[in-house]
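Student: Turn this into a structure:
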Amino acid sequence: MAAGSKCLWLIDGAYLFNARQSVSPGFHYDYLKLRQKLESNASIWRAYYLNSTPDPWTDAQDGFHAWLRSASPRGPKIITKLYQLKDIQADKAYCIQCGSKVKLECPAGGNHKLLNKQQKGVDVGIASLALIHKDNYDTLILSSGDGDLIDMIEHLSELGKRIELMVFLEGVSTDLQARADHIHWINDFSEEVKRSSSSAS
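Tutor: Reported below is the predicted structural model:
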């Protein structure tokens, strides 16, 4: 990040949660420490956390989201945008080795309906925020590995925006990696942002 740079930080919560295992099984990070790490080099104008959650939310989720929104020194002051998980029918799967579709069945038998929960709206939300606020920041810091965001990234690059990633070593589209001006690999400073046992995150 350039000195004096004004940054927008957009976070795909599901991506960070799943990719953290690349550090070690059971590794947990602290959003306040992640923000402090970024702000050691530049000013974050605004930060957003986007995720899909089950309906209804649990008390633990409510507490975590409230903590995310809390300002320093208690919390990381991150705006939360939450979407409902979408039910996707799961009666078939694709076998990579055979190149064919196979039928899925419940082991209990009968005509049981099988569903998967799928994240919905997060990538669109990230792209919308990045474009809506384009006049308010110099650098976009993206914590996502989703290659579907590449058109947005290319557009912002053409507008002169600096693109940075704050991601783990796994689960990041190589298209995003190739177009980033800088990548903050969390694995390289994982001990600095590791969650302590007393942390609310």
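Student: Go through the helix or strand hosting Trp9 and flag the buried ones.
Tutor: Using DSSP states H and E, Trp9 maps to strand 6-12. Neighbour-count burial for strand 6-12, counted by 16 or more other Cβ atoms under 10 Å, picks out 7-12. Every C-beta, even on glycine, is put in place using the N, C-alpha and C of the backbone.
Student: what distance separates that strand from the centre of its chain?
Tutor: Offset of strand 6-12 from its chain centre (Cα atoms, centre = their mean, to the nearest Å): 10 Å.
Student: Same question for stretch 171-189.
Tutor: 13 Å.
Student: Any idea which helix or strand in this structure has the lowest mean pLDDT?
Tutor: The weakest-scoring helix or strand in the chain, judged by mean pLDDT, DSSP states H and E, is strand 115-118 (a mean of 46).
Student: Domains in this structure, by residue range?
Tutor: 6-85+120-193, 86-117 (automatic domain parsing).
Student: Report the contact partners of the residue lying closest to His28 once chain neighbours are set aside.
Tutor: Excluding the flanking residues, the one nearest His28 by Cβ to Cβ, 6 or more residues apart in numbering is Arg195, at 4.1 Å. When contacts are counted by Cβ atoms under 8 Å, 6 or more residues apart in numbering, Arg195 touches 28-30, 33, 201.
Student: so who does Leu34 touch?
Tutor: Counted by Cβ under 8 Å, 6+ apart, Leu34 has contacts 76, 166, 186, 193.
Student: okay, the angle between the lengthiest strand in the chain and strand 6-12?
Tutor: For the chain, the longest strand by residue count, based on DSSP state E, is strand 43-53. In terms of direction (axes from the mean of the first three to the mean of the last three Cα atoms, to 10 degrees), strand 43-53 departs from strand 6-12 by 10 degrees.
Student: Name every strand pairing with strand 43-53 and say which way it goes.
Tutor: strand 6-12 (parallel), strand 79-84 (parallel) (DSSP bridges).
Student: Convert the C-alpha atoms of stretch 153-166 to CSV, please.
Tutor: Provided in CSV are the C-alpha atoms of stretch 153-166 (Å, rounded to 0.1, in the frame of the first residue of the first chain):
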residue,chain,number,x,y,z
ILE,A,153,-11.0,-6.2,-10.7
GLU,A,154,-10.1,-5.5,-14.3
HIS,A,155,-12.5,-2.6,-14.4
LEU,A,156,-11.2,-1.0,-11.2
SER,A,157,-7.6,-1.5,-12.4
GLU,A,158,-8.5,0.4,-15.6
LEU,A,159,-9.8,3.2,-13.4
GLY,A,160,-6.4,3.4,-11.7
LYS,A,161,-7.3,1.7,-8.5
ARG,A,162,-4.6,-0.4,-6.7
ILE,A,163,-5.8,-4.0,-6.1
GLU,A,164,-4.5,-5.9,-3.1
LEU,A,165,-5.4,-9.3,-1.7
MET,A,166,-5.4,-10.3,2.0
